[in-house]
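Engineer: I would like to see how this sequence folds:
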Amino acid sequence: MNRLFFLMVLVGVPISVAGSLLNWSQILMFIIYCVTIIALSAFMGRATESLAIHAGPRIGGLLNATFGNAVELIISIFALKAGMLGVVLASLTGSIIGNLLLVAGLSFLVGGIRFKRPEFNVYDARHNSGLLIFSVVVAFIFPEVFSIQLSERETLTLSIWIAIIMIVLYIAALIFKLVTHRGVYQHRSDKAAHDEEAEWSKLKAILVLFAATLAVAYVSERLVSTFETVGHTFGWTELFIGVIIVAIVGNAAEHASAVIMAFKNKMNVAVEIAIGSSIQVAMFVAPVLVLISLLFSKPMPLIFTLPELVAMVLSVILTIAVSIDGETNWFEGLTMLAAYLIMGVGFYFL
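Structural biologist: Numbering: from 1, shown residues only. The predicted structure follows:
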């Protein structure tokens, strides 16, 4: 299987470059781009697994989420430059609900089928629950409610202050988990992989992860250019493309890595990738995009639409209800996937 993915990358990346330069069929290139991203995601998954063995599940999962979100950050910056604020906010929404319901749901489903009751660090689950409530319920809903009585300029100023506070708190959360309280809240599942031997050295894993991320960033950017044609061909709206398609493609690497980790009963890494990535999007990527948007002609306030807010809040509530006990099963994973499908259908008809 690894050889197959290597061949897919070896063929897919050059074809992606050639096809974009020679203006091949947009539908054909859409398929090629998606297949290439999936193959690259496999390498990111292997690199993440090696890093998780070398440095622990938290750092391994954090690195994977960071490199994966870097792709979405790059795509969103290009969209901001083009003035597509709605698409950027929709893709942020899709990334959060996609990681919480689709990625975590698939991980719980796959891990639960193979291992019945996969366990993960309950202390991390509780910590993540608080950050999810803060970032989505407090920091996202607050500016939406207050914007009703504020001017456009005041709303943007409020968004900037909230963005700065969220970035500072996210950095503090990393210091808490990785420095001041590293190893304080251990769980027996944290010790499961200590005797494993990593496939790659730490340096090689980081280099592979970095190179694969660059390749995914390029292919993802080209993929975005095909969405208008694909959406027109299949009848997809701009909101549906932003919330569902862009989010899934932009986070393909994380999706694959989390499911692979769950399949190998490394649920701590899977949870750190899925839920940790959502927290990173909400508390770091979204605020950074608000600040970067100030450099362009159309600044982006942190104001989501009502359907987007409802979808994110419900995703957070369901995720907390399922993960707060530090264990899961295939049925809980299926429930999360069902919720994601319901939301996907809803956004399709909006």
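
Engineer: Give the other helices and strands that whichever helix in the chain runs longest contacts.
Structural biologist: Ranked by residue count and defined by DSSP state H, the top helix of the chain is helix 26-55. With contacts taken as 3 or more Cβ pairs under 8 Å, 6 or more residues apart in numbering; DSSP states H and E, helix 26-55 sits against helix 2-22, helix 57-81, helix 202-224, helix 227-234, helix 247-250, helix 252-263, helix 267-280. To be clear about C-beta, it is placed using only N, CA and C from the backbone, and glycine gets the same treatment.

Engineer: per-stretch mean pLDDT over the ones you listed, give me the minimum one.
Structural biologist: Among the helices and strands packed on helix 26-55, helix 247-250 carries the lowest mean pLDDT, a mean of 70.

Engineer: Give the full set of residues in contact with Ile248.
Structural biologist: By Cβ atoms under 8 Å, 6 or more residues apart in numbering, the contact set of Ile248 is 94, 98, 102, 255.

Engineer: switch the cut-off to 6 Å
Structural biologist: Residues in contact with Ile248 (Cβ atoms under 6 Å, 6 or more residues apart in numbering): none are found.

Engineer: swap in Ile175?
Structural biologist: By Cβ under 6 Å, 6+ apart, Ile175 has no neighbours at all.

Engineer: May I see the buried residues of whatever helix or strand it lives in?
Structural biologist: Using DSSP states H and E, Ile175 sits within helix 152-175. Buried residues in helix 152-175, counted by 16 or more other Cβ atoms under 10 Å: 155-156, 158-160, 162-163, 166-167, 169-170, 173.

Engineer: again with stretch 287-297
Structural biologist: Under 16+ other Cβ under 10 Å, the buried positions of stretch 287-297 are 287-290, 292-293.

Engineer: residues near Lys177, how many?
Structural biologist: 21 (other Cβ atoms under 10 Å).

Engineer: for Ile244, same thing?
Structural biologist: Neighbours of Ile244 under the rule other Cβ under 10 Å: 24.

Engineer: wait, it sits on Met343?
Structural biologist: No: judged on Cβ atoms under 6 Å, Ile244 makes no contact with Met343 at a distance of 8.7 Å.
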